[in-house]
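Peer 1: Sequence first, predicted coordinates after that:
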Amino acid sequence: MRAPLRALALTATAGAGAIAYASIVERNWFALRQFEVPVLPAGATSLRILHLSDVHLTPGRHRLMSWIRSLDTLDPDLVVNTGDSIAHEDSVQPFLAALGPLLERPGIFVYGSNDLYSPVPKNPLRYLYDTNELANRRHNPHLPWADLREGLADAGWPDGRAPRHLVGTAGTVTTLAATHLDLYPYDLARINNLRMSRAEFTALRDRLLAMTHDERQAVRTIEPGRADLIVAGLAIIDAILARWSYPELIVVDAGLLEGAWLETSS
């Protein structure tokens with residue numbers, strides 16, 4: 001009997017130690033890791049991105065809130081929050097307060113499961129047999145994810161999920177639209193706010209891809225030297241349409257410079 005009792009005692013002690021570590025040590029062991037990723041062209045200005053993840057904030061965690069606020073001293077160019085920001089129904093305002101000056105910087109966010117559902121204790125053995133369907137029995141989110149979104153959106157941070165509409169601006173997009181209409185010479189009034197259905201774009205894609213380089217370059221709506229660029233543009237738009245199942249592409253004859261000018265002049 002002593003051996004089983006000793007094993008049970010050791011198991012209980014190990015379990016208690018794990019719980020103590022998780023609830024006292026790990027929850028206050030905040031980590032900042034820095035990496036350099038050489039992806040920009042030579043000579044380009046460096047870009048510093050602050051990635052926040054798995055904050056799991058609950059009210060009263062002032063040490064964590066203070067630490068998050070201090071990250072502004074890193075002077076990031078962009079803040080990316082990939083979710084699991086809150087873990088309690090009263091955590092939205094504390095989380096926004098913790099971000100503090102970071103909200104004055106460009107940012108983007110997506111939700112994690114704990115932004116929708118509060119965490120619950122789980123039997124570790126369930127990881128051996130659970131499925132996604134079983135793991136997500138709670139189908140109605142009960143945490144204030146909408147308030148979280150509103151607070152971040154008010155600071156100018158967009159929700160990283162796909163927008164409701166796909167809008168293409170200037171350049172390759174307008175060239176494709178003009179080619180779709182066989183519009184020559186170019187007519188801004190007919191191009192601006194043109195809506196190309198998924199079927200119309202697919203037909204245009206198939207027609208252009210079936211051509212040789214010289215045949216594409218001979219199309220009167222494609223400017224000289226853009227026959228290859230058009231193929232790359234087709235691939236990008238096609239991938240976006242397929243990935244998020246957009247039913248159409250809205251074409252706008254304006255670019256980022258016009259948008260920036262309108263924003264600053266409003």
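Peer 2: Perfect, thanks for sending it.

Peer 1: what about Pro76, how many neighbours?
Peer 2: Neighbour count for Pro76, taken as other CB atoms under 10 Å: 19. To be clear about C-beta, it is placed using only N, CA and C from the backbone, and glycine gets the same treatment.

Peer 1: ok, now the one 10 residues further on?
Peer 2: Using other CB under 10 Å, Ile86 has 27 other residues around it.

Peer 1: out of everything not next to it in sequence, what's closest to the spatially most central residue of the chain?
Peer 2: Nearest residue to the geometric centre of the chain (CA atoms, centre = their mean): Gly160, 3.3 Å. Nearest non-adjacent residue to Gly160, counting by CB to CB, 6 or more residues apart in numbering: Val110, 4.2 Å away.

Peer 1: Surely the residue nearest to the centre of the chain touches Gly107?
Peer 2: No: contact criterion CB atoms under 8 Å: Gly160 and Gly107 do not qualify, at 10.0 Å.

Peer 1: one step back: right, and the residue nearest to Gly160 touches Pro158 too?
Peer 2: No: applying CB under 8 Å as the test, Val110 and Pro158 come out as separate, 10.0 Å apart.

Peer 1: So for stretch 77-89, first residue to last residue, what's the gap.
Peer 2: End-to-end distance for stretch 77-89, by CA to CA, to the nearest Å: 30 Å.

Peer 1: what separates it from the chain centre, distance-wise?
Peer 2: Remark: stretch 77-89 is offset 11 Å from the chain centroid, using CA atoms, centre = their mean, to the nearest Å.

Peer 1: Tell me where the stretch 151-266 of the chain has helices.
Peer 2: Assigned by DSSP state H, counting those that start in this stretch, the helices in the stretch 151-266 of the chain fall at 171-181, 188-191, 198-209, 213-217, 227-244, 256-265.

Peer 1: Mind checking those for the one nearest to Leu57?
Peer 2: With respect to Leu57, and counting by CB to CB, the nearest of those is helix 227-244 at 29.9 Å.

Peer 1: Flag every buried residue along the closest one.
Peer 2: The neighbour-count check on helix 227-244 (16 or more other CB atoms under 10 Å) flags Ala227, Ile230, Val231, Gly233, Leu234, Ile237, Leu241 as buried.

Peer 1: okay if I get those residues as TSV plus pLDDT and distance to Asp84?
Peer 2: Conversion of those to TSV gives the following (pLDDT from 0 to 100; distance: CB to CB, whole Å):
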residue	pLDDT	distance to Asp84
Ala227	90	46
Ile230	91	41
Val231	91	40
Gly233	90	36
Leu234	91	37
Ile237	92	32
Leu241	89	30
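
Peer 1: Among the residues you listed, which pair sits farthest apart?
Peer 2: Ala227 and Leu241 (21.8 Å).

Peer 1: residue ranges with poor pLDDT in the stretch 1-150 of the chain?
Peer 2: 1-29, 121-140 (pLDDT under 70).

Peer 1: which outside residues touch stretch 144-153?
Peer 2: For stretch 144-153, the external contacting residues (CB atoms under 8 Å, 6 or more residues apart in numbering) are 81, 85-86, 89, 92-93, 95-96, 103, 107, 109, 111, 115-116, 159.

Peer 1: one more time with 6 Å, if that's ok
Peer 2: Glu89, Val92, Leu96, Phe109, Asp115, Leu116 (CB atoms under 6 Å, 6 or more residues apart in numbering).

Peer 1: what's the offset of that stretch from the middle of its chain?
Peer 2: Computed by CA atoms, centre = their mean, the chain-centroid distance of stretch 144-153 equals 15 Å.

Peer 1: Flag every buried residue along that stretch.
Peer 2: So stretch 144-153, judged by 16+ other CB under 10 Å, has buried residues Pro144, Trp145, Leu148, Arg149, Gly151, Leu152.
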